[in-house]
Structure formats: C-alpha cells, structure tokens
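Novice: Next come a sequence and a model predicted from it.
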Number of protein chains: 2
Amino acid sequence: MPADTAKKPSRIQLKNRGIILDAALDVFSTHGFRGATLDQIAEAAGLSKPNILYYFGGKDDIHRTLLNALLDVWLAPLVEMTDTDDPLDAIMDYVHRKLEMSWEMPRESRLFAGEVIRGAPRMATDLETGLKPLFDEKCALIQRWVDDGRIAQVSPAHLIMSIWAVTQHYADFEAQVGVLVGSGSQDDARAHVDAMFRSLLTP
Amino acid sequence: MPADTAKKPSRIQLKNRGIILDAALDVFSTHGFRGATLDQIAEAAGLSKPNILYYFGGKDDIHRTLLNALLDVWLAPLVEMTDTDDPLDAIMDYVHRKLEMSWEMPRESRLFAGEVIRGAPRMATDLETGLKPLFDEKCALIQRWVDDGRIAQVSPAHLIMSIWAVTQHYADFEAQVGVLVGSGSQDDARAHVDAMFRSLLTP
DNA sequence: CCAATTTTTGACCGTTTGGTAAACGATTGC
DNA sequence: GCAATCGTTTACCAAACGGTCAAAAATTGG
C-alpha cells in the first residue's frame, strides 16, 4: 500500500501519480488550497476520490508534493544567471527566460502566486532555506557588476523583484491582460519588457 | 429586516455592515472566495453567523459588495492621470500614487489579485464595462504623448501593465518581499521604481 | 412607562467536505 | 494455474459548510 514512496513505484503508479498531480495543479492553481476539493481533483484526473487517496496521503500531501517540485523549476533560470563578460546580456537572458516560463507554465506561476498571496504558510521554510540564499548570492553578483560600472546603478534586490513582478504578471493576471490588450500580443510584451530593463541597466 | 439596503440604514446598521465588510476583506483577501467561510468572517467580525446573514444576503452578497466598492478605489489614481504640460511627471505621479496604495491597502490589492488569478469569474463584466474603457482612454492619451515626442517610445498598454505589475507586487507578494529584502525598505523600493520608469520614459 | 420595531442568538437542516473500511477486480510471480 | 500482491470501487463516516427559523434581547418612538 503506497501513499508514501518507500519502495520502487511501478509504471502504473508513476502514471497515475502524474495524472493526479497534473489535475491537482489545475485545481489548486485556480482555487487555492482551501478552495480546492478532492472531488474536483478526482474529477479532473478521471479517478475516484478513494483512488486518489490511495496514491497520496491526503489533500495536504498532494499540495506539498506540487510545491516542493515547483520551487526548483521556478528558480532554475535564476541559478543559470552566472558571472560573465556581458552582465547586461546575462540579466536580459534571465528576463527572457522568466517571461517565457510565465507563458509556458501559467499554472505553476499562479500556484506560486496564490501561495505567496496567502502569506506562504506552507512555504515559509522553503523560502528561507531554498530561495533566500540563492537570492542573496545573485544580489551580490549583480552588486559586483554595478560596482565595476558594467551596468547602471540599481538596487539588485529590487531589480530582481521587479523582474519577477513584470514577468509573472503576464501569467498571473492573464484574465486581465486578455481583456485589455488581447492574449495574442506576446511579441509586443517581449519588446516592452526588454526595453524596460535594458534602459534601466544600460550605464 | 435588512439584507438589502432598500431604506435608510440606521447608525448601528452602518457600523455593523462596516465591521463585517472589514472582517470579510481580511478573510477573502487571504483565502479567496471559495476558501473563505462565513464562520471565519463571523469570528473576525466578533459577531454570530446568523447575525451576519441578517445584514447580508449571503456569502456571495458580501463578496460582491467588496468587489463593487473596490474597483472604483482601485482605478481612482488612473482617472486622475490627465493631459498636462509635463507628461513624465503625470505618469510618475501615477506610479507613486499606485505604489503608495499598495502599501496602504494591501488587503484590497490581494483581494483584486486573487480574483483575477482565478480568472475573474465574478468581475468579468466589471472589467469590460468599468476597466476597459478607462484603460483604452489612458492608452490613447499616452500614445499622444509618445507621438508628440514628449516621452520615449513605449507601448502604452504594456507600460500601464508593467506599472500595475511592479506596484501591486509589493502588496501581493509581501510575504516574499519581507523574507528577501525586509518589509522596511519602502524608500529603496520607491527609489528603484522611480528610476525604472523614469529611465524607460525619458526620451 | 410601554408597545412596536430592530437586532441578536441558539438550535437546527440539508449538503459538501476530507477521509476510511472493506470488499471487489486486476496483475504479477512462480 | 494459482496464490499473493496491487489497484479500484462502493458504501460510509464525522466534521464543517452555507443558510434558516423562531424566539429572546435590545432599542426606539410615543
């Protein structure tokens, strides 16, 4: 009897856990943890509720599993931003990667956003142990670039913050963006975001 | 028997409706509509559940009341951005007002954000009839400024979008901002946001 | 003061919630 | 082929949910 992954998972276990997590991502990202129900997830997954509880310990377990997998994916682009000959390009690459991720993984973006909006009660430790060190490291890197005069003078922390803000906005507020500018203008958005951070960072 | 405000509300009615709406704003902004419960609202308001349903028709009624009042407040700063001798100042004033609003009314910001993240099912019409016309009008205004060469060339729609993104971020993602840069650095944030949009808009 | 009205409350109802028990199929290993 | 395991379902909880109702308390107007 699974629920915890103590032993090697069979093919069918792997498949169904995947189906459930995908369905749960749909539901949790649109309704939040409290607003989501196991029945919704079960219906979206095409499985019965008890069958879902056969693969996961409970609602919390599914949610926790999603969040744990999310942070790694979410921070991967930032990890890749390392020291280089062309700091401006490194930062702009990061911006573009993050923007692309918002369009390709809007559910993940909304899951993360919803969790932080609620005060991140189930992510507090992950934020401290996983995000904070990486964030500080990258801030120091950017600060060095600033000190060397290779990019304009900016607050590294707030720069990263505003990159997150702008890129995530296109995923999290898709409903609003769609009504106001139409969902199809990704090229315009890319050009605008590029111009914004380029003008800010060019010495 | 109230629930609808057909006649003149007494002082006690006005007070209790206010208390309830304030408590509901707390609960709805942190848990979303589906995640919020009447018992939570009742406890936060210091009233009994039936007493709350004496003043409002139901959970939906409270939520709808909050949303209706919100959009006006939320768009007020944008309404005030009108044609002027100094377009850059007008936009920067708007940015600063919006930023201030995020710090002074984080609950309203989160209520709005949460609703839009969920696809804005209860705001679709308000978005179309209330927000869209204003948005288009202000886009046209900014476009005129651009065409006259009084500010740099930007996409008005995406400019407004990114102003919303950055300013709301400080309210909606307060939990994250608090962990990473500390909640106290409002001056740094103000300076950064100012520099960002100023560099983008200066011809 | 008292009667009419307004406000508050405790008890309750039908439904939905997360979760369980056990029996029922399906697979697998030998 | 067959027992042992794995996977699924039916039937069911107890608690929490949004909401109702009638009676009690508090307020108001004369």
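Specialist: That came through, no problem.
Novice: Quick check: phi and psi on A:Arg150?
Specialist: Dihedral pair for A:Arg150: phi -90, psi -20, per degrees, to the nearest 10.
Novice: Could you tell me how many residues sit around the residue nearest to it when sequence neighbours are not counted?
Specialist: Leaving aside its chain neighbours, A:Arg150 sits nearest to A:Pro87 (4.9 Å; criterion: C-beta to C-beta, 6 or more residues apart in numbering or on different chains). Just so you know, the C-beta spots here come from the backbone N, C-alpha and C atoms, and that holds for glycine as well. By other C-beta atoms under 10 Å in any protein chain shown, 19 other residues sit near A:Pro87.
Novice: ok, A:Pro87 - contacts?
Specialist: A:Ile142, A:Trp145, A:Arg150, A:Ile151 (C-beta atoms under 8 Å, 6 or more residues apart in numbering or on different chains).
Novice: With A:Glu174 instead?
Specialist: The contact partners of A:Glu174, by C-beta under 8 Å, 6+ apart, come to A:Pro106, A:Ser183.
Novice: let's see 10 Å
Specialist: Contact analysis of A:Glu174 by C-beta atoms under 10 Å, 6 or more residues apart in numbering or on different chains lists A:Ser102, A:Trp103, A:Pro106, A:Ser109, A:Arg110, A:Ser183, B:Val116, B:Ile117, B:Gly119, B:Ala120.
Novice: Determine which two of those are furthest apart.
Specialist: Using C-beta to C-beta, the contacts of A:Glu174 reach their maximum pairwise distance at A:Trp103 and B:Ala120, which is 18.9 Å.
Novice: backbone phi and psi for A:Met123, please?
Specialist: When read as degrees, to the nearest 10, the backbone of A:Met123 gives phi -130, psi 0.
Novice: er, A:Gly46 I mean
Specialist: Dihedral angles for A:Gly46 - degrees, to the nearest 10 - are phi 70, psi 30.
Novice: A:Phe56 now?
Specialist: Backbone torsions for A:Phe56, taken as degrees, to the nearest 10, come to phi -130, psi 150.
Novice: quick revisit: give the PyMOL command for selecting the buried subset of the contacts of A:Glu174.
Specialist: Selection of buried members from these for PyMOL, criterion 16 or more other C-beta atoms under 10 Å in any protein chain shown:
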select buried, (chain A and resi 102+103+106+109+110) or (chain B and resi 116+117+120)
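Novice: So which of the contacts of A:Glu174 belong to helices?
Specialist: Secondary structure defined by DSSP state H assigns A:Ser102, A:Trp103, A:Pro106, A:Ser109, A:Arg110, B:Val116, B:Ile117 of the contacts of A:Glu174 to helices.
Novice: tell me, which of the residues you listed make contact with DNA strand D?
Specialist: Among the ones in helices among the contacts of A:Glu174, no residue is within reach of DNA strand D (C-beta under 7 Å from any atom of the strand).
Novice: Quick one: check the helix or strand of chain A with the lowest mean pLDDT for contact with chain B.
Specialist: Across the helices and strands of chain A, mean confidence by mean pLDDT, DSSP states H and E is lowest for helix A:124-126: a mean of 90. Yes - using C-beta under 10 Å from any C-beta of the partner chain, helix A:124-126 reaches chain B at A:Ala124.
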